[in-house]
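[1] Sequence and predicted structure, then a few things I'm wondering about:
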Amino acid sequence: MRLGIIGLPYVGKTTVFNALTRSTAKTGGFGASNQPNLAVVRVPDPRIDLLTEMYHPKKTIYATVEYLDIAGFEQGSASKGSESFLDPARKVDALIHVVRAFEDPDVLSVGETIDPKRDFNILETELILTDLIAVEGRLEKIEAGLKRNRKPEHPAEEETLRLCKETLEAEKPLRTLTLTEDQSSSIRGFGFLSQKPMLLVVNIGEDQIGNSYADLAPDLQVLE
């Protein structure tokens, strides 16, 4: 499994990455020009340990999780056509979205105030816009091909993309859209960002333990 850690700059993505992977990646100033930090973590499994004790194999292989710490997303990247640094996020199986709730005058912030809801919505909008640009571009190519009497390779693709376009234009992520197996298969190669399963991680300070942030994203699991 491959998981991508995303978020705005200065929210603590790399700190979360280091905690999950026991890495020592440099924190702070991790901009869009940086390559993602990468670490592979072995998943402990007592069932495998038991089988190893019983059968004494020459080699024991555990499942692994690959974590990608992706450079901070920048507001307006999608509309400016500079979203290429989002490409690593397209290749993961799920996203871990880190939002900042902690106050620290020594750590820069993307806004004048600390506002987890605002920051979540900023990045959610970027994912939606990025997917919408991709959908519109593909639909234009399909329509151009139809004008040349070219039959579509995947008949369900155009219909599914129009459903996606309608959802994205309503400012809803594609993960809220229920698709049939055939529809899902027709757009699988796009790697739509807002379609990926997402876990929301709220980075809090010690004085915020016990606060609830479940209302940040009703359709997501929130980890505080």
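    All right, it came through fine. Numbers count the residues shown, from 1 in each chain.
[2] Now do the lengthiest helix in the chain: distance to the chain's middle.
    What stands out as the longest helix in the chain, according to DSSP state H, is helix 116-147. Here the centre of helix 116-147 is set off from its chain's centre by 15 Å, with C-alpha atoms, centre = their mean, to the nearest Å.
[3] Which elements pack onto that helix?
    helix 77-80, strand 94-100, helix 155-169 (3 or more C-beta pairs under 8 Å, 6 or more residues apart in numbering; DSSP states H and E). Heads up, the C-betas are built off the backbone N, CA and C, glycines and all.
[4] Which other helices and strands does the second one contact?
    Just to be clear, that refers to strand 94-100. The contact analysis (3+ C-beta pairs under 8 Å, 6+ apart) places strand 94-100 against strand 2-6, helix 13-21, helix 116-147, strand 198-203.
[5] tell me the SS of Leu8?
    Under DSSP: H, G, I helix; E, B strand; the rest coil, Leu8 falls in the coil class.
[6] What distance do you get for Arg148 to Leu223?
    According to C-beta to C-beta, to the nearest Å, Arg148 stands 50 Å off from Leu223.
[7] Neighbour count: these two, which is higher?
    A direct count of neighbours by other C-beta atoms under 10 Å for Arg148 and Leu223 places Leu223 higher, at 13 against 6.
[8] Quick one: neighbours of the nearest residue to that one once chain neighbours are set aside, just the number.
    For Leu223, ignoring the flanking residues on the chain, the nearest one in space by C-beta to C-beta, 6 or more residues apart in numbering is Val201 at 4.9 Å. Residue neighbour count, defined by other C-beta under 10 Å, stands at 22 for Val201.
[9] how close does Arg175 sit to Phe73?
    17 Å.
[10] hmm, who's touching stretch 51-64?
    Contacts to stretch 51-64, defined as C-beta atoms under 8 Å, 6 or more residues apart in numbering, come from residues 1, 40-45, 48.
[11] mind running it again at 7 Å?
    Stretch 51-64 has contacts (C-beta atoms under 7 Å, 6 or more residues apart in numbering) with 40-43, 45, 48.
[12] Alright, calling it a day.
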